[in-house]
Each structure stands twice: as C-alpha cells, then as structure tokens.
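Chemist: any chance you could fold what I've pasted below:
(2 chains)
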Number of protein chains: 2
Amino acid sequence: MTTSLSPTGRSTLTRLRERARTDRADLYAVLDAGLICHLGMVRDGAPVVLPTGYGRLDDTVYVHASTGAGYARALDGNPVCLTVTHLDGIVYARSVFHHSMNYRSAVVHGTARLVTASDERLAGLRAIVEQLSPGSWEHARGPNARELAATAVFAVDLTDASVKVRTGPPGDDDADIAEGGRWAGVLPVRTVFGVPDPCPTLGEAAQAPGHVATRWAD
Amino acid sequence: MTTSLSPTGRSTLTRLRERARTDRADLYAVLDAGLICHLGMVRDGAPVVLPTGYGRLDDTVYVHASTGAGYARALDGNPVCLTVTHLDGIVYARSVFHHSMNYRSAVVHGTARLVTASDERLAGLRAIVEQLSPGSWEHARGPNARELAATAVFAVDLTDASVKVRTGPPGDDDADIAEGGRWAGVLPVRTVFGVPDPCPTLGEAAQAPGHVATRWAD
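Modeler: This next block holds a predicted model:
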C-alpha cells in the first residue's frame, strides 16, 4: 500500500525530484536499515543535531535520552527532525561540479511526544535496542524500575517525511565525456561489522552468541 | 596547541563528561576523518537536518548547496549545527540499559556565512571535493563560470564545538557481571570502500587512477 509521505507539503522536494521516493515502503526500508539517526531540535533559536539510536514500530519512530540530559527536558511537544542516511558510494565525475554521492536518506519532520504509558515505553525501548543490536532484548537483562526512571522515551509520528535515493554513475556533461582523459565512476562505500570483541570480564565464556556472531559474517 | 572548543559554554557537556574531548586536535581529527556531515538549520521554527558533504580549512568548515535549493537561500547569516559522527562499535552489555555505541562525534555550532570572495569560494569548494574524494580537484575538470554561479558556498567558523568519544567495553553493573550467563562486548563497525565501478561511458580506459584505486585497498 502506498501512502503519501508528505501531506503538508513541507517535505516535498523542490530540487532533483528524480531522487525522491514517495512510497512508504521506501521510508521503512531506509529507516530499518540504519544504525543511528541524527536528531535535530531547536534550542534558544538555534539548531542542535545529535547522533543517537532509534527504533521504528509501524508509523512511529522512538528515541530515548537520559532524563539527566539537558536536551531531553526540552524535547517534549517540540518540533524535531530525525534523519537517517546511508552513504552508498562516492561518485567521481569528469568535472568536480558533478562529483556526488550515492546515498539513501530519510528525513522525518515531527513533534517529539514524551511517552508516559508503561507499555509504549517498553515497546519503544525494545525497538531502539533491537534496531542497533537485534536479539539483545531477549538475551540481555531487561530494564528495572530505576533504569526506567532514568530514561525518557520520545515518539515521533511518521506522518511527514521525505526519502531521497541516488544510485548509478556520474551525470557528466557530454563535452567532458567526449573530451576523455579523466576517470569517472563510483567508489562503493559500505558499513561492515568486525569480529566481536568480548568484554574482558567475561573470561572463558567469551564466545559471542548467534545474534552477535552472525552479524559480522554477513 | 590546545584551544578551548567552547568559549560560550553552549557546547559544554552536561552529561557523561568523561566522553568529552576538549583539545582542538581532537575536533580536527573527527572532522577530517569524515565523509559526510549532518547539517541542521531552523526553518519556520522547526529543525531541518540534511546530509551533505563538507570540508575543513584551518578553523573554518565549508558546505555548499545549489543556488536552486530552497534551504540555501535561507542559510546566510543564520544559525546552523554541523555534526560529524563515526560509529565505531555496537556495545552489547549484560543489561539492555547499558547497551551503547562506541563513536566519535563532533558537533559544531555556528552561523552560516555566504562566501562571496572568489578565492575563498574556490578554496572552500576544493576543501569539500577533497574531503569526499581526495585527488579529484587535480584530476577532474575545475568549475567553470556557469557551475560556480549555480553553487552557493557557506562557511562556518570552528569557534564553538564539542567532541565526544566513547571507546572500550560495556559499563555493566557489578551484579550483572557477577550473575554471568550473558554475553557482553563490542561489535566493531567500520566504513569500507569497495572496488571502483567505472562509468559505463569510459569504455576501455576504465581502470581507476591511483587516487581512487588506493582507497579501497586501505
């Protein structure tokens, strides 16, 4: 099912429209493939952009913060922008002007809502943990009351978002292609996992379980 | 030489101070190792966070935009936040609460200044191109008058910035360590380059030159 990603028009791209994706499935795909987001907020009239974990459940994205973090107190009810970017390649063109990147990005505009219901808080935290470390919610000890009290969970609805994707070779000018003599192409960029490094306190029982070990073998 | 990164105090970290780095060399290191930044601005009172290329020259960071981009017209003289993040590892703890990430991040607060002097415009564009694709400024055709006219270059001074770095194993509670039975450790995350994919229009002269080919061999 395809639903408009930008009912307000705020996310309607005004440039390079051919890079826009308007299917909700594309939005999910970009978000679900990410490890961290960059969360933007406004403080004293100026933007602040911080990297943080996140998780998606249906049409809601969750982020969390320590209740001791300065920005956490200011988030509830305020506008945020949550951006997830995958850099897929560096695009070398014959001209510096046409140098570019291949990427997939999702930009979500919304209002942060402090989650107060216990069920939704737990579901949101689970989504955040599982986004970064699938399998950890089952394997690790769940949050206790003290830990929950120290954690603020925020929800952002996926009602206003844009997705941009660039793929393929550089878009050089015909004259530059005809002239020749310069290389052009794409240098792929990938995010990969290394060999799990066990905690020194583990001693002999250090072998990573399947939900960790299988990731670097991918 | 060490210079304070945050003369105004705006960037002074209020939480997890042990992750803060206050040496200017640390700021340079995080910025210089990056490929893209996330640029935050305020539009109609709401934050907007967009991924984009950037480059550093001494204590100035440059970004560029098409003069046709809606946000470019609104940037000059306005506050921005430019964030560069390297995700180095996923930190698996015995408790979900202590799950974390190893990372290096730089958050630069400043005001975007539209660069108008030709020399600085070229220097800024060169820095941006060389950040993403070292060697391209020499190899590729330089910008012509039409291309320069289509490109807005913005400078952000590195006077107010914070750097955070987390390294090492999870910080589990003693009781969880003593209980045992759960794995903990770090799954390294790295950004790697693949084999250069030549532009289909290159035909036989497709072998990547050294400034491209040596990157994926690193």
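Chemist: in a helix, that's where A:A178 is, yeah?
Modeler: Yes - with DSSP: H, G, I helix; E, B strand; the rest coil as the criterion, A:A178 is located in a helix.
Chemist: count of neighbours near it?
Modeler: 10 (other C-beta atoms under 10 Å in any protein chain shown). Every residue, glycine included, has its C-beta placed from N, CA and C.
Chemist: distance between the ends of stretch A:129-148?
Modeler: The first and final residues of stretch A:129-148 sit 14 Å from each other (C-alpha to C-alpha, to the nearest Å).
Chemist: quick one: buried residues of that stretch?
Modeler: A:129-133, A:135-137, A:139-141, A:143, A:147 (16 or more other C-beta atoms under 10 Å in any protein chain shown).
Chemist: list just the nearest of those residues to B:P170.
Modeler: Using C-beta to C-beta, A:A140 is the member of the buried residues of stretch A:129-148 that lies nearest B:P170, at 9.9 Å.
Chemist: now the closest one, nearest residue through space, not along the chain?
Modeler: B:V96 (4.7 Å; C-beta to C-beta, 6 or more residues apart in numbering or on different chains).
Chemist: now A:V165
Modeler: Using C-beta to C-beta, 6+ apart, the closest residue to A:V165 is A:R104 (4.9 Å).
Chemist: what strands line up against whichever strand or helix holds that neighbour, and which way round?
Modeler: Assigning secondary structure by DSSP states H and E places A:R104 in strand A:100-111. Neighbouring strands of strand A:100-111 in its sheet, by DSSP bridges, are strand A:79-92 (antiparallel), strand A:160-166 (antiparallel).
Chemist: could you dump those strands into CSV and include distance to B:D58 and mean pLDDT?
Modeler: CSV is the format used below for the strands paired with strand A:100-111 (distance: least, C-beta to C-beta, whole Å; pLDDT from 0 to 100):
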stretch, distance to B:D58, mean pLDDT
strand A:79-92, 24, 98
strand A:160-166, 31, 96
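Chemist: out of the ones you listed, which is closest to B:R56?
Modeler: strand A:79-92 (17.6 Å).
Chemist: related to what we said a few turns ago, deepest in the core, which of the strands paired with strand A:100-111 is it.
Modeler: strand A:79-92 (a mean of 24; mean count of other C-beta atoms under 10 Å in any protein chain shown).
Chemist: so what pLDDT did the residue sitting furthest away from the middle of chain A get?
Modeler: Distance from the C-alpha centroid of chain A peaks at A:E179, with 40.4 Å (C-alpha atoms, centre = their mean). Predicted confidence (pLDDT) at A:E179: the value is 94.
Chemist: please report how far the spatially closest residue to A:L158 that is not a sequence neighbour lies from B:V48.
Modeler: Distance criterion C-beta to C-beta, 6+ apart; nearest residue to A:L158, sequence neighbours excluded, is A:D59 at 4.3 Å. A:D59 sits 21 Å away from B:V48, going by C-beta to C-beta, to the nearest Å.
Chemist: repeat for A:G55
Modeler: On the measure of C-beta to C-beta, A:G55 and B:V48 end up 22 Å apart.
Chemist: nearest spatial neighbour of A:E179, chain-adjacent residues omitted?
Modeler: That would be A:R94: by C-beta to C-beta, 6+ apart, it lies 7.4 Å from A:E179.
Chemist: ranges for the helices of chain A?
Modeler: A:24-32, A:70-75, A:118-132, A:136-139, A:145-149, A:174-179, A:210-216 (DSSP state H).
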